[in-house]
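K.L.:
When you get a sec, could you give me coordinates for this:
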Amino acid sequence: MSEKTKNGEFEENELEKSNSSKEVTFEENDNWEFQARALTLENDDFEADTDYEKVQSEKEEKNEPEKKPVVKAKEKSPKKLSKNTIKFIITGIICAIVAALLIVFGVNYYTQPNTNEKMNPGNVALRVDKTPVSIGMYNYYYNAVSNNYISYAQQGYYDIDTSVDYSKQKTTDADGNEITWAQMFENETIDRVQYITAYYQEAVKHGVTLTDTQKEEIEKNIKSIKDAASEADLSVDEYVSSTYGEYCGVATIRKLLEQSYAANNYYRQYLIENKVDEKAVEAYFEEHKDDYTEVDFAYLFVTYDSSDANAKAEAEKNAKKYASQIKNVNDLKKLIPTACKDIVDQYVSAGYYADADACAEAIASSVETSITKSDNSFTEAGSAWLFDSNTKKGDCSAFLDETNSMYFILLKTGEPSVADDEVYSVRHILIMPGDEEEESSEAQTTKKEHTKEEWAEAEKKANTILEEYKKGKKTEYEFALLAEKYSEDTGSTSKGSNGMYGGLYEGVPLGQMVKEFESWSTDKSRKYGDTDIVKSDHGYHIMFFVEDTNSSLFKSEQAVVAEKEQEYIKSFKVKKNRRSMKKTMVAKPQSAEETTEAAN
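P.N.:
Have a look, this model is predicted:
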């Protein structure tokens, strides 16, 4: 899954929030179709973005009349009109219609963008399947994407010169293709627009609505924008355009928020209702077993100055000497002050640590790690050595990393194996007894003791909710909706800030949850869809069992879900409006002054 989402979830909106309340409804007619259509203009403007159907040239033949017109004249034989004559007549009629529409609506209707989200042809940058996307909406996403890349580039994460034309700088996309950064900005913008719009369109189709909380959040955001515009002494649309992108108005922000929330709501439903096949997961695991085969090891690194002809040879000599002295992890840690002296000195002089001992201790705490067989974090030779069956636990050797001007000293501490630690996934609805707040003082915080009556009331409520579930469709999605409605565990619902939904805890390792919760979840008799009520110190948990598996299969399952979702999103075809796209934003290189200000 992509920037659109973090690990398959929608990104948080960065707009500021404040208070208000107003009913939110989805746009139904005006924004789904052009308000008027001049067929020759519309069909000429739009082009497929990738592998979309190219049937426009065939339309004329398909629309040809079944019977050819016949003109009768006095005392003359009937004469058929030629095919070209018919084309001229049809063209004349279309031109007349276009002329009439231009008189009624004006040329601007077909050529000019707007900030109020009226979806006239001149304001449509592209379409995702049946849904038109305005220039303002496109610009909002483009502004967010390009600014994100540029910001990280200024921090050294991307090799982008922000003072040079982005169309003159090359990078590599996710598929390994060499493209310009300008094209990367556009591609990722279209990907993000496609992702949100696809789920939004399906949300409308499936009757998904916004929650009251989401409606309130939208109004808070709009009020916050209006307040900021007032403080800046600008109209709301002027402020929005200058902040979020040209032709982006307050109507754009409202629509964007509505679409994002609706898309997110349907996205949750889609994931629940489109479980991947167990055989597909097992097949993926077998095909990608190297991704889940791990080996434990510890390491040190000896750096050298690549500009010094003798430094590399000296580093190699020292690395091999240190490797010969290491038999276990303690031996390796003892060598840190000597082997890593250059790095320790750099960190201390930069102020990261108070002294060399503190720095050496910090390095020692992170020397033990593991990598998978497909991981290329270390040198190819070093990785191959760790996974070689001839390399035994306790062996130590040095490997050159010329790219980073260092030698790695690797100590093998375990044998390669497929990660098979147990993990489980469940949904729950937590009902807490009495007041959930804890008693606290400046000295300490103590858990509040609840009365028998409070516990009884919580148990009664939990049973009532479970009965409500059993009287319904008894699906995982219906359970998730009840969790959103009733659960007091905000960490597993959209009420919290963890990005979770529907009371879900997935891929949970053993030992993380309370005993009663975990014991029920890992009972080997459990089957998908099992429900029950479990009591713990926190309250009553209404449980819904999803799965109990191992970490490798769980990760494989997540990978298959991501692949299926990608196929699903790509099925919503994108068509760009050539003329309107020429009016969309294009990132410009920054001046020296702007670059300095951004860095500060």
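K.L.:
counting contacts, what elements does whichever strand or helix holds residue 227 pack onto?
P.N.:
Taking DSSP states H and E as the criterion, residue 227 maps to helix 212-231. Helices and strands touching helix 212-231, as assessed by 3 or more C-beta pairs under 8 Å, 6 or more residues apart in numbering; DSSP states H and E, comprise helix 236-244, helix 250-273. C-beta here means a position set from N, CA and C on the backbone, and glycine is covered the same way.
K.L.:
Just the CA trace of it, in CSV.
P.N.:
The C-alpha atoms that make up helix 212-231 are tabulated as CSV, following Å, rounded to 0.1, in the frame of the first residue of the first chain:
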residue,chain,number,x,y,z
ASP,A,212,-22.1,12.5,13.2
THR,A,213,-18.5,12.9,14.5
GLN,A,214,-17.2,13.1,11.0
LYS,A,215,-19.8,15.7,10.0
GLU,A,216,-18.8,17.7,13.1
GLU,A,217,-15.1,17.4,12.1
ILE,A,218,-15.8,18.8,8.7
GLU,A,219,-17.6,21.8,10.1
LYS,A,220,-14.7,22.4,12.5
ASN,A,221,-12.2,22.4,9.7
ILE,A,222,-14.3,24.7,7.6
LYS,A,223,-14.8,27.1,10.5
SER,A,224,-11.0,27.0,11.2
ILE,A,225,-10.3,27.9,7.5
LYS,A,226,-12.8,30.8,7.6
ASP,A,227,-11.3,32.1,10.8
ALA,A,228,-7.8,31.9,9.3
ALA,A,229,-8.9,33.7,6.1
SER,A,230,-10.5,36.5,8.2
GLU,A,231,-7.3,36.9,10.2
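K.L.:
so that helix versus helix 236-244, what angle?
P.N.:
Orientation of helix 212-231 against helix 236-244 (axes from the mean of the first three to the mean of the last three C-alpha atoms, to 10 degrees) gives an angle of 100 degrees.
K.L.:
what angle sits between helix 212-231 and helix 250-273?
P.N.:
Going by the same axes, to 10 degrees, helix 212-231 makes 150 degrees with helix 250-273.
K.L.:
what's the spacing between helix 212-231 and its chain's center?
P.N.:
24 Å (C-alpha atoms, centre = their mean, to the nearest Å).
K.L.:
now do stretch 302-310
P.N.:
That offset, for stretch 302-310, works out to 41 Å (C-alpha atoms, centre = their mean).
K.L.:
what's in contact with it?
P.N.:
Contacts to stretch 302-310, defined as C-beta atoms under 8 Å, 6 or more residues apart in numbering, come from residues 311-312, 314-315, 318-319, 322, 339-340, 342-343, 398, 405-407, 409.
K.L.:
Can you give the distance of stretch 203-213 from its chain's centre?
P.N.:
Centre to centre, stretch against its chain (C-alpha atoms, centre = their mean), the figure for stretch 203-213 is 20 Å.
K.L.:
Residue 182 and residue 589 touch, don't they?
P.N.:
No - counting by C-beta atoms under 8 Å, residue 182 does not reach residue 589; the two are 10.4 Å apart.
K.L.:
Quick check: neighbours shared by the two?
P.N.:
Common contact partners of residue 182 and residue 589 (C-beta under 8 Å, 6+ apart): 165-166.
K.L.:
What ranges does the stretch 51-200 of the chain have for its strands?
P.N.:
Per DSSP state E, counting those that start in this stretch, the stretch 51-200 of the chain carries strands over the ranges 70-71, 79-80, 124-128, 131-134, 170-172, 178-180.
K.L.:
Which strands or helices does the last one pack on?
P.N.:
Looking back up the chat, that one is strand 178-180. Strand 178-180 packs on strand 170-172, going by 3+ C-beta pairs under 8 Å, 6+ apart.
K.L.:
what's the spacing between residue 113 and residue 252?
P.N.:
According to C-beta to C-beta, to the nearest Å, residue 113 stands 11 Å off from residue 252.
K.L.:
Who has more neighbours out of the two?
P.N.:
residue 252 (26 against 22; other C-beta atoms under 10 Å).
K.L.:
While we're on the more buried one, how confident is the model there?
P.N.:
pLDDT for residue 252: 96.
K.L.:
now do residue 266
P.N.:
Predicted confidence (pLDDT) for residue 266: 94.
K.L.:
before we move on, what about residue 175?
P.N.:
88.
K.L.:
Tell me the spacing between it and residue 187.
P.N.:
Distance, residue 175 to residue 187, by C-beta to C-beta: 10 Å.
K.L.:
Compare these two (neighbour count), which wins?
P.N.:
Taking neighbours as other C-beta under 10 Å, residue 175 and residue 187 compare with residue 187 leading, 16 against 6.
K.L.:
which residues touch that one?
P.N.:
Neighbours of residue 187 in contact, by C-beta under 8 Å, 6+ apart: 173, 179.
K.L.:
Okay, it and residue 174: tell me how far apart.
P.N.:
Residue 187 is 9 Å from residue 174, where distance means C-beta to C-beta.
K.L.:
and what of residue 546?
P.N.:
Per C-beta to C-beta, residue 546 is found 30 Å from residue 174.
K.L.:
And these two? Which one has more around it.
P.N.:
Shown here are residue 546 and residue 174; by other C-beta under 10 Å, residue 546 has more neighbours (21 against 10).
K.L.:
in what helix or strand does the spatially closest residue to the more buried one that is not a sequence neighbour lie?
P.N.:
Distances taken as C-beta to C-beta, 6 or more residues apart in numbering place residue 425 nearest to residue 546, at 4.0 Å, with adjacent residues excluded. Using DSSP H and E, residue 425 maps to strand 422-431.
K.L.:
what sits up against stretch 460-475?
P.N.:
Applying C-beta under 8 Å, 6+ apart, the set of residues contacting stretch 460-475 from outside is 272-273, 429, 431, 478-479, 482, 486, 529, 531, 533, 540, 542.
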